[in-house]
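# coordinates only, no sequence provided:
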Ligand SMILES: *Cc1c(COP(=O)(O)O)cnc(C)c1O
């Protein structure tokens, strides 16, 4: 049975062009960039600085504002915990939403357990944050607003430029989780007034285990306490020997995404639209979650009335799909994102996420429409 991978929001295959570049940094160019006394170190350092410029260009920030981490989870934890435990503690109020990725959500919950004041804003039925509500939640002691730019379950995109302008006006820092949007839609984080941002290589055809944390260097300069202490790498913000092959891979993946984004987003959005149209044609009762607002090109989150996502996924062994997010599929909890959008538990339990990417073909989408339509019809007729 030929397998079809439609779970690119969970992770992506490493692009062969990225892998080819990375290979050399495991073997012949194995140096430690912190080695200042010989060419092995210098060439490794040059490689991670090239990658820094490549990732910075995709984020729309200056290269020296990018810090390498092990992934978006570490970046988010460093950003939110690092701001909460500064050398000179003061009141720390944080504003976020009820529709965040678990990496940010669980970090905020942990901060809350340790006494940090957290405001959890709701989202509307489309999954969008209300700016007036955000404005009303900002207080004199508010330090940071943390927002998921593009939702990993629905693909819904928040208006980061408008949120950034508001945070600037009120003198509040803005952290954005851009893990899903990086490489999919154009980002201009510095111009938008974003002060901190978290991203990961493996969502854009780069390797797993490497991420980036953007920290604005001036106007204002973001100061935070690191999570990891040691050799003082990454300007003391992230000690530990750099993952050189991973960083080189992240850089290469960013450069490819920057060059191909314009064409690729049109191709992937057309495939996604064809998938939704095909499924709607066979099952007009299909409900699209998060449609009608700006969303990522490759994401479709849908529900077929009366069909549970678990039963549907089990009926489709050839297609790699997810019910909600990959992180939530280990638990049987309904999606907190869909609940925040006002859906009932039963509705949320019907959600299936299709996430398309660089390897997705026309043939795969046609086969998927056929297989999913047949499975839904079977489940409906057996009362599944
Ligand atoms: C995947 C993902 C993360 C976690 O990234 P890791 O690099 O796997 O730690 C965080 N936020 C969003 C929106 C994601 O999609």
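In hand now; what should we look at? As the structure is a prediction and not an experimental result, all values here were calculated from the model. Residues are numbered from 1 along each chain as shown.
# helix or strand for residue 354, which one?
strand 352-355 (DSSP states H and E).
# ok, which stretches of the protein are strands?
4-5, 66-69, 93-97, 117-121, 142-148, 173-177, 196-200, 211-215, 287-288, 299-303, 319-320, 352-355 (DSSP state E).
# I'd say residue 190 and residue 64 touch.
No: counting by CB atoms under 8 Å, residue 190 does not reach residue 64; the two are 12.0 Å apart. All C-beta spots, glycine's among them, are computed from the backbone N, C-alpha and C.
# neighbour-wise, which of these two wins?
The residue with more neighbours, out of residue 190 and residue 64, is residue 190; 20 against 13, by other CB atoms under 10 Å.
# that one and the ligand, how far apart?
20 Å (CB to the nearest ligand atom, to the nearest Å).
# repeat that for residue 164.
For residue 164 relative to the ligand (CB to the nearest ligand atom), the value is 18 Å.
# identify the residue nearest that residue in space, chain neighbours excluded?
In this structure, residue 164 finds its nearest non-sequential neighbour in residue 193, 3.0 Å apart by CB to CB, 6 or more residues apart in numbering.
# what residues are up against the one you found?
161, 164, 165, 167, 168, 174 (CB atoms under 8 Å, 6 or more residues apart in numbering).
# 7 Å instead, please
Residue 193 sits next to 164, 165, 167, 168, 174 when contact means CB atoms under 7 Å, 6 or more residues apart in numbering.
# show me which pair in those is furthest apart.
The most widely separated members of the contacts of residue 193 are 165 and 174, with 9.7 Å between them, by CB to CB.
# bridge partners for whichever residue of the stretch 201-350 of the chain sits closest to the ligand, pull those for me.
Nearest residue of the stretch 201-350 of the chain to the ligand: residue 211, at 5.1 Å (CB to the nearest ligand atom). Note on residue 211: beta-bridge partners residue 69, residue 200, judged by DSSP bridges.
# against residue 202, how distant is it?
According to CB to CB, to the nearest Å, residue 211 stands 9 Å off from residue 202.
# before we move on, what about residue 261?
In terms of CB to CB, residue 261 sits 17 Å off from residue 202.
# quick one: which of those two has more around it?
Legend: neighbour count by other CB under 10 Å for residue 261 and residue 202, higher for residue 202 (23 against 17).
# the nearest residue to the more buried one once chain neighbours are set aside and residue 228: what is the separation?
Nearest non-adjacent residue to residue 202, counting by CB to CB, 6+ apart: residue 208, 4.2 Å away. Going from residue 208 to residue 228 by CB to CB gives 19 Å.
# do the same with residue 2
Residue 2 sits at a distance of 43 Å from residue 228 (criterion: CB to CB).
# neighbour-wise, which of the two wins?
residue 228 (15 against 7).
# any residues of this protein in contact with the ligand? List them.
71-73, 101, 103, 148, 152, 177, 179-180, 200, 203, 211 (CB under 6 Å from any ligand atom).
# for residue 70, which non-adjacent residue is closest in space?
residue 209 (5.7 Å).
# pLDDT at the residue in the stretch 151-300 of the chain that the ligand sits nearest to, what is it?
As assessed by CB to the nearest ligand atom, the ligand sits closest to residue 200 within the stretch 151-300 of the chain, at 3.1 Å. pLDDT for residue 200: 98.
# what do you get for residue 305?
89.
# hmm, it is touching residue 284, no?
No: Residue 305 is beyond contact range of residue 284, at 10.2 Å (criterion: CB atoms under 7 Å).
# more neighbours: those two, which one.
Neighbours around residue 305 and residue 284, counted as other CB under 10 Å, are more numerous at residue 305. The numbers are 13 against 7.
# number of nearby residues for the residue nearest to residue 50 when sequence neighbours are not counted?
Among residues not flanking residue 50 along the chain, residue 251 sits closest, at 6.0 Å (CB to CB, 6+ apart). Close neighbours of residue 251, defined as other CB under 10 Å, add up to 29.
# contacting residues for residue 251?
Applying CB under 7 Å, 6+ apart to residue 251 gives the contacts 50, 51, 54, 55.
# so what's the closest residue to the second one other than its chain neighbours scoring on pLDDT?
I take that to be residue 51. Using CB to CB, 6+ apart and skipping residues adjacent in sequence, the residue nearest residue 51 is residue 251, 2.6 Å away. pLDDT recorded at residue 251 is 98.
# now do the one 5 residues further on
Residue 256 is assigned 98 on the pLDDT scale.
# ok, it touching residue 17?
Yes: between residue 256 and residue 17 there is a contact under CB under 7 Å: 6.4 Å.
# comparing these two, which residue is more hemmed in?
Set residue 256 next to residue 17 and count neighbours by other CB under 10 Å: residue 256 wins out with 21 against 13.
# residue contacts, the more buried one?
Counting by CB under 7 Å, 6+ apart, residue 256 has contacts 15, 17, 18.
# which one of those is nearest the ligand?
Nearest member of the contacts of residue 256 to the ligand, counting by CB to the nearest ligand atom, is residue 18, at 15.7 Å.
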